[in-house]
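Asks: following is a predicted model, sequence given first.
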Amino acid sequence: MKNMTQDNNSLLTGNTAAPSFKRYGWFIHLIAWAILCGFPIIMSLTSRSEHVITWDLYLRSFIMLLSIIFVFYSNYLYLIQKYLFTKKTGHFLLINISIIVTMVLLVHFCMELLPDPPLRNPHPNRPPKNSLWIGFFFWNSMVYLFTIVLGVAFRSTASWYNAEAQRKELERSRSEAELQNLKSQLNPHFLFNTLNNIYSLIAFSPEKAQEAVHELSRLLRYVMYDSSQPFVTLEKELDFVRNYVELMRIRLPQHASLDTSISCEAPHTQIAPLLCISLIENAFKHGVSNNKPSFIYIDIHQEGKQIVCDILNSYFPKDNTSDKSGSGIGLSNLKKRLSLLYPDKHTFYCHKEGENYRTYLSIHVNTAGL
């Protein structure tokens, strides 16, 4: 039950399970450099290199690795953010050229201080050291250049990830704020409609009006407390709907019939509160005539992972002069909530069917106990 609630809350907030780049990023860096540290030994043992593996040779490889690490992190942690991302490309290139030249000279100087590594099969015609310097400078420069490009790629990926995470967080905050605003509109709208119905009872049946006030107190308890949660159990929501329908039944005239079929297969299914109430309000508002035969049929049921609210009623549309039940924000409010809470997971339409009016809402939800 707890896990299901968390899943539903993720629908509200828009959060989805994703690997944490920040949490594991430095661990990935550590593993990569550890592999590179052991790479010279592995290559020496598995290849036909002319050099015999010794600590002197490994020290040479380790010095080179340290220079690569310096070039990578000086760019990754500072230069890319400071110059490249601020469009100071000239400064970025000039500083990196200076770093590459400095690193090549520094590594060459360190290599000169170390003894030459022993050879497995010495070649009698090996080129002199001076001729090797050009190759050393060229290939090391290429290694550093590749390191810089790799740093730019990694930093760009990290920046994109952070920007995307911030965008999703802003979107989540915006959605939460909009939902709260919609719910704050819904509660006064519901209360106004209900009080208007009770007011109409006072003139011809004070006893029914008194009973309605008692029923209203039960409804308000749900609206003020239970519905303040992002999701409620389907059982609680349907109990609220039944109580509201019974409250509305009190004021129906003799020539109006009201039939309901309200049931659920999994009572603990989580659903956003107060989604059907606007549809039911409209059915009572536009489905009952003061002097003509009228009917309202409300069918709310569960079909697997679908919650269906199907309402059919006679149609006597009211205008603002003949009805005082609100400003008509109910349906537009509902559409916005559905688009935020159940994007691509709901079907909603309402239209005339001959002389009658049909409203249909189907929501795909997570279920428990099925």
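Replies: Right, received. Where do you want to start?
Asks: every contact and neighbour count from this point should use C-alpha atoms.
Replies: OK.
Asks: what about the strands in the chain?
Replies: 232-233, 256-262, 270-271, 294-303, 306-314, 346-353, 356-364 (DSSP state E).
Asks: please produce JSON lines containing the ones you listed, extended by distance to residue 143.
Replies: As requested, these are arranged in JSON lines below (distance: least, C-alpha to C-alpha, whole Å):
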{"stretch": "strand 232-233", "distance to residue 143": "60"}
{"stretch": "strand 256-262", "distance to residue 143": "72"}
{"stretch": "strand 270-271", "distance to residue 143": "57"}
{"stretch": "strand 294-303", "distance to residue 143": "63"}
{"stretch": "strand 306-314", "distance to residue 143": "59"}
{"stretch": "strand 346-353", "distance to residue 143": "55"}
{"stretch": "strand 356-364", "distance to residue 143": "55"}
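Asks: out of the ones you listed, which is the most enclosed?
Replies: Sort the strands of the chain by mean neighbour count, taking mean count of other C-alpha atoms under 10 Å, and strand 270-271 sits at the top with a mean of 24.
Asks: paired strands for that strand, with orientation please.
Replies: The pairing partners recorded for strand 270-271 under DSSP bridges are strand 232-233 (antiparallel).
Asks: what about residue 98, neighbour count?
Replies: 10 (other C-alpha atoms under 10 Å).
Asks: what pLDDT is listed against it?
Replies: Predicted confidence (pLDDT) for residue 98: 92.
Asks: then residue 61?
Replies: Predicted confidence (pLDDT) for residue 61: 76.
Asks: not counting sequence-adjacent ones, nearest residue to residue 76?
Replies: Counting by C-alpha to C-alpha, 6 or more residues apart in numbering, the nearest residue to residue 76 once its immediate chain neighbours are dropped is residue 151, at 5.2 Å.
Asks: could the strands of the chain be laid out in JSON lines, adding mean pLDDT and distance to residue 82?
Replies: Output for the strands of the chain, formatted as JSON lines (pLDDT from 0 to 100; distance: least, C-alpha to C-alpha, whole Å):
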{"stretch": "strand 232-233", "mean pLDDT": "90", "distance to residue 82": "49"}
{"stretch": "strand 256-262", "mean pLDDT": "94", "distance to residue 82": "63"}
{"stretch": "strand 270-271", "mean pLDDT": "92", "distance to residue 82": "48"}
{"stretch": "strand 294-303", "mean pLDDT": "95", "distance to residue 82": "57"}
{"stretch": "strand 306-314", "mean pLDDT": "95", "distance to residue 82": "53"}
{"stretch": "strand 346-353", "mean pLDDT": "93", "distance to residue 82": "47"}
{"stretch": "strand 356-364", "mean pLDDT": "95", "distance to residue 82": "48"}
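Asks: okay, buried residues for stretch 243-252 please.
Replies: By 16 or more other C-alpha atoms under 10 Å, the buried positions in stretch 243-252 come out as 244, 245, 247, 248, 250, 251, 252.
Asks: show me where the stretch 151-300 of the chain has helices.
Replies: All helices of the stretch 151-300 of the chain, identified by DSSP state H, counting those that start in this stretch, fall at 206-224, 234-249, 277-286.
Asks: show residues contacting the last one.
Replies: In this case it means helix 277-286. Here helix 277-286 makes contact (C-alpha atoms under 8 Å, 6 or more residues apart in numbering) with 190, 193, 241, 248, 296, 298, 311-318, 325, 330-331, 334, 359.
Asks: coming back round to it: wait, doesn't the residue nearest to residue 76 sit right on residue 75?
Replies: Yes. Using C-alpha atoms under 8 Å, residue 151 makes contact with residue 75 at a distance of 6.3 Å.
Asks: correct me, but residue 366 touches residue 303?
Replies: No. With contact defined as C-alpha under 8 Å, residue 366 and residue 303 do not form a contacting pair (11.9 Å).
Asks: so, low pLDDT: which residues of the stretch 151-300 of the chain?
Replies: Within the stretch 151-300 of the chain, the segments meeting pLDDT under 70 span 170-193, 197, 201, 204, 227.
Asks: just put the helices of the stretch 151-300 of the chain in TSV and tack on distance to residue 85.
Replies: Converted to TSV, those look like this (distance: least, C-alpha to C-alpha, whole Å):
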stretch	distance to residue 85
helix 206-224	50
helix 234-249	51
helix 277-286	51
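Asks: most packed of the ones you listed?
Replies: Each of the helices of the stretch 151-300 of the chain was assessed for mean neighbour count using mean count of other C-alpha under 10 Å. The highest is helix 277-286, with a mean of 20.
Asks: sorry, back to before: between the strands of the chain, which one is nearest to residue 207?
Replies: strand 256-262 (20.2 Å; C-alpha to C-alpha).
Asks: packing partners of the closest one?
Replies: Where contact means 3 or more C-alpha pairs under 8 Å, 6 or more residues apart in numbering; DSSP states H and E, strand 256-262 is packed against helix 234-249, strand 294-303.
Asks: next, the angle from the first one to strand 256-262.
Replies: Meaning helix 234-249. The directions of helix 234-249 and strand 256-262 differ by 170 degrees, with axes from the mean of the first three to the mean of the last three C-alpha atoms, to 10 degrees as the criterion.
Asks: name the residues that touch helix 234-249?
Replies: Under C-alpha under 8 Å, 6+ apart, the answer for helix 234-249 is 197, 212, 215-216, 219, 222, 258, 262-264, 266-271, 273-274, 276-277, 284.
Asks: switch the cut-off to 7 Å
Replies: Here helix 234-249 makes contact (C-alpha atoms under 7 Å, 6 or more residues apart in numbering) with 212, 215, 219, 267, 268, 269, 270, 271, 273.
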